[in-house]
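Engineer: any chance you can model this:
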Amino acid sequence: MESTSSGRTGRTLSRRAVLAAGAGTAAALALPSAATAVEDVAGRGRARHVVLVGWDGFDPAYLDLADTPNLDALTRRGVVGATTGCFPSITNTSWASVVSGAWPRTHLNTPYFLDPATGRAVSQSRTLEAQTIAEVVTAAGGTVASVQFFILQNHGVVFGDPRALYVQPGGTGPSRMDLAADILHGRPVRSGSVTVTVEEPPTLLAVYADDLDALGHAEGAESPGMAGRLAALDAALGRLVQATKDVGTYGSTAFVLLGDHGMTTFTRAFGGLVLTALTEAGFTPEFVAPGAAPAPSTDVAMVVGGVANVYLLGAANTPDGIARARAALESVEPVERVHDRAGLDAFGASPLLGELVAEPAAGWSFGLTDPDGPRGYHGRTGEREAALLVAGRGVSPRARLDGARHIDVAPTIAALLGLPAPAQAEGRVLTEALQ
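Structural biologist: Model (predicted):
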């Protein structure tokens with residue numbers, strides 16, 4: 001992982017690694033199928049409940065940012081490490097992979113792209129063309145509650161259904177986690193236009209918080225306020241764990257907590273250099289904002305979300321045109337790398353991305369003007385990693401994670417509950433972390 005412009009170096013897991021390491025070096029592990037792993041887990045420490053906590057923008061570097069006694073307490077009952085996600089490393093696409101176990105090539109959630117149906121640029125959506133872990137649970141007769149884990153809405157949870165409940169309270173992450181505790185306690189909660197009471201602790205309880213991500217975008221990954229945000233989330237995590245103890249489910253609950261992507265600080269913009277290089281190569285380039293369509297004369301359209309998603313239009317979309325555009329982009333010094341379709345396919349990326357995707361070097365953005373202070377972004381390969389914790393019932397204390405990926409989370413949750421993985425899942429069960 002690249003360092004940021006302000007000198008933050010490679011992601012480390014130093015303090016948490018000490019908690020999670022155990023003795024010796026982990027041996028190479030076979031990767032059994034999801035079905036085999038379900039059979040293996042079923043006869044041992046299967047969980048009756050799973051609490052899934054999503055902290056948007058939970059960069060692995062943040063693991064050592066503040067004292068997090070509640071996260072540490074869970075770590076002693078499991079394992080903490082990192083998970084590698086999608087490219088581009090954007091929020092909605094990443095969470096779609098987490099809950100479905102599928103890469104974007106399969107679930108088709110695509111960030112910052114030119115929609116072929118409308119010809120207009122799209123930022124993010126809730127498209128999800130794959131079964132989710134919530135749908136697996138409800139199909140098996142279990143119950144689900146989702147507190148603003150938005151990617152699950154209408155994919156296993158809806159407003160007003162106490163057995164498949166979606167609530168969207170807004171507010172801070174800690175307040176959402178407290179509302180999740182209310183659900184565990186059977187207290188009435190507002191769901192859309194109705195008030196709902198969940199009679200028993202749900203099989204799967206999911207809660208989403210975007211506090212870290214919001215601050216990172218506004219002030220950069222090294223914001224002085226980041227440690228305080230993390231500490232507040234940790235305190236709320238402690239209250240949520242206590243709620244499982246209060247209602248008698250703690251011993252039968254597995255906890256999965258993760259981020260969707262990392263965060264990198266940028267202070268400089270170089271979009272003008274990109275436009276100049278493409279123009280000098282004989283193109284008519286344009287940065288296309290979400291909701292807009294390229295001008296009729298544009299033959300290189302770029303939709304930016306951390307990275308630049310590059311479409312060659314009309315007569316420019318030829319092998320020679322793609323090669324010339326790539327060479328022009330690569331000639332711009334702050335462009336770190338350019339991926340072609342073959343490279344994107346290797347990431348399992350959505351087929352709706354452009355012919356090329358260009359990544360900026362850390363510290364630089366595709367904007368046209370420098371920001372007025374440090375800002376944060378994600379989308380690059382350098383932000384694909386996020387923190388991951390798996391703990392509690394069915395999890396082996398002080399285990400080691402072996403190359404965990406976002407697409408492994410849903411199959412692992414399913415295995416913990418003794419259920420099959422989502423139908424389109426491409427990931428594996430993290431058997432090395434399970435009892």
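Engineer: correct me, but residue 222 touches residue 264?
Structural biologist: No. Taking CB atoms under 8 Å as the contact criterion, residue 222 and residue 264 are not neighbours in contact, 10.0 Å apart. In short, each C-beta sits where N, CA and C put it, glycine included.
Engineer: for these two, indicate the residue with more neighbours.
Structural biologist: Neighbours were tallied for residue 222 and for residue 264 using other CB atoms under 10 Å; the higher tally belongs to residue 264 (32 against 18).
Engineer: how about the most centrally placed residue in the chain, phi and psi?
Structural biologist: Centroid-nearest residue in the chain, with CA atoms, centre = their mean: residue 260, separated by 2.0 Å. Main-chain torsions, residue 260, degrees, to the nearest 10: phi -100, psi -30.
Engineer: also residue 302?
Structural biologist: Residue torsions, per degrees, to the nearest 10, at residue 302 are phi -120, psi 130.
Engineer: my guess is it contacts residue 312. True?
Structural biologist: No. Residue 302 sits out of contact with residue 312 when judged by CB under 8 Å, with a separation of 10.4 Å.
Engineer: which one's more surrounded, those two?
Structural biologist: Under the neighbour definition other CB under 10 Å, residue 302 and residue 312 were set side by side, and residue 302 has more, 29 against 20.
Engineer: partners of that one in the sheet?
Structural biologist: Using DSSP bridges, the bridge partners assigned to residue 302 are residue 287, residue 310.
Engineer: what sits against it?
Structural biologist: By CB atoms under 8 Å, 6 or more residues apart in numbering, the residues touching residue 302 are 274, 285, 286, 287, 288, 308, 309, 310, 311, 358, 366.
Engineer: find the nearest non-adjacent residue to residue 314, please.
Structural biologist: Distance criterion CB to CB, 6 or more residues apart in numbering; nearest residue to residue 314, sequence neighbours excluded, is residue 299 at 5.6 Å.
Engineer: wait, that neighbour sits on residue 283?
Structural biologist: Yes. Counting by CB under 8 Å, residue 299 sits close enough to residue 283 to count as a contact (5.5 Å).
Engineer: got any residues that touch both of those two?
Structural biologist: Common neighbours of residue 299 and residue 283, using CB under 8 Å, 6+ apart, are residue 316.
Engineer: burial check on the closest residue to residue 377 other than its chain neighbours, number of neighbours?
Structural biologist: In space, not counting the residues next to it along the chain, residue 377 is nearest to residue 306; the distance is 4.5 Å by CB to CB, 6+ apart. Residue 306 is flanked by 24 other residues according to other CB under 10 Å.
Engineer: quick one: residues contacting residue 97.
Structural biologist: Residues counted as contacts of residue 97 (CB under 8 Å, 6+ apart) are 85, 86, 103, 104, 107, 109, 406, 407.
Engineer: list just the nearest of those to residue 118.
Structural biologist: residue 109 (16.8 Å; CB to CB).
Engineer: and the gap between residue 198 and residue 312?
Structural biologist: 51 Å (CB to CB, to the nearest Å).
Engineer: would you map the helices across the stretch 101-250 of the chain?
Structural biologist: Per DSSP state H, counting those that start in this stretch, the stretch 101-250 of the chain carries helices over the ranges 104-107, 133-139, 173-184, 211-219, 226-246.
Engineer: nearest to residue 333, of those helices?
Structural biologist: Proximity to residue 333 (CB to CB) singles out helix 211-219 among the helices of the stretch 101-250 of the chain, at 24.9 Å.
Engineer: list the buried residues of the closest one.
Structural biologist: 211, 212, 213, 214, 215, 216, 217, 219 (16 or more other CB atoms under 10 Å).
Engineer: leaving out chain neighbours, which residue sits closest to the last one?
Structural biologist: Right, residue 219. In space, and not counting its chain neighbours, residue 219 is closest to residue 374: 6.1 Å by CB to CB, 6+ apart.
Engineer: that neighbour touches residue 216, doesn't it?
Structural biologist: No. Assessed by CB under 8 Å, residue 374 is found out of contact with residue 216, at 9.8 Å.
Engineer: what do these two both touch?
Structural biologist: Common neighbours of residue 374 and residue 216, using CB under 8 Å, 6+ apart, are residue 223.
Engineer: returning to what we had before: so who does the residue nearest to residue 377 touch?
Structural biologist: Under the criterion of CB under 8 Å, 6+ apart, the contact partners of residue 306 comprise 88, 89, 90, 112, 360, 377, 378, 379, 380, 383.
Engineer: do that again at 7 Å, thanks
Structural biologist: 88, 90, 377, 378, 379, 380 (CB atoms under 7 Å, 6 or more residues apart in numbering).
Engineer: which of those are buried? Put it as a PyMOL command.
Structural biologist: Those of these that meet the burial criterion (16+ other CB under 10 Å) are gathered into one PyMOL selection, given here:
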select buried, resi 88+90+377+378+379+380
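Engineer: which one among the contacts of residue 306 gets closest to residue 411?
Structural biologist: Taking CB to CB as the measure, residue 411 lies nearest residue 90 of those, at 22.3 Å.
Engineer: how many residues are close by the nearest residue to the closest one once chain neighbours are set aside?
Structural biologist: Nearest residue to residue 90 in three dimensions, chain neighbours excluded: residue 111, at 3.6 Å (CB to CB, 6+ apart). Other residues within reach of residue 111, judged by other CB under 10 Å, total 29.
Engineer: touching, residue 402 and residue 432? I think so.
Structural biologist: Yes. At 4.9 Å, residue 402 counts as touching residue 432 under the criterion of CB atoms under 7 Å.
Engineer: where along the stretch 301-435 of the chain do the helices fall?
Structural biologist: 319-330, 341-346, 409-416.
Engineer: out of those, deepest packed?
Structural biologist: helix 409-416 (a mean of 29; mean count of other CB atoms under 10 Å).
Engineer: hmm, who's touching that one?
Structural biologist: Everything outside helix 409-416 that qualifies as a contact, by CB under 7 Å, 6+ apart, is 34, 37-38, 41, 46-47, 50, 52, 98-101, 133, 136, 254, 256, 258, 390, 394, 420-422, 425, 427-430, 434.
Engineer: mean confidence score for stretch 73-84?
Structural biologist: Per-region confidence: stretch 73-84 scores 96 on mean pLDDT.
Engineer: and it, how far apart are its ends?
Structural biologist: For stretch 73-84, the separation between the terminal residues is 24 Å (CA to CA, to the nearest Å).
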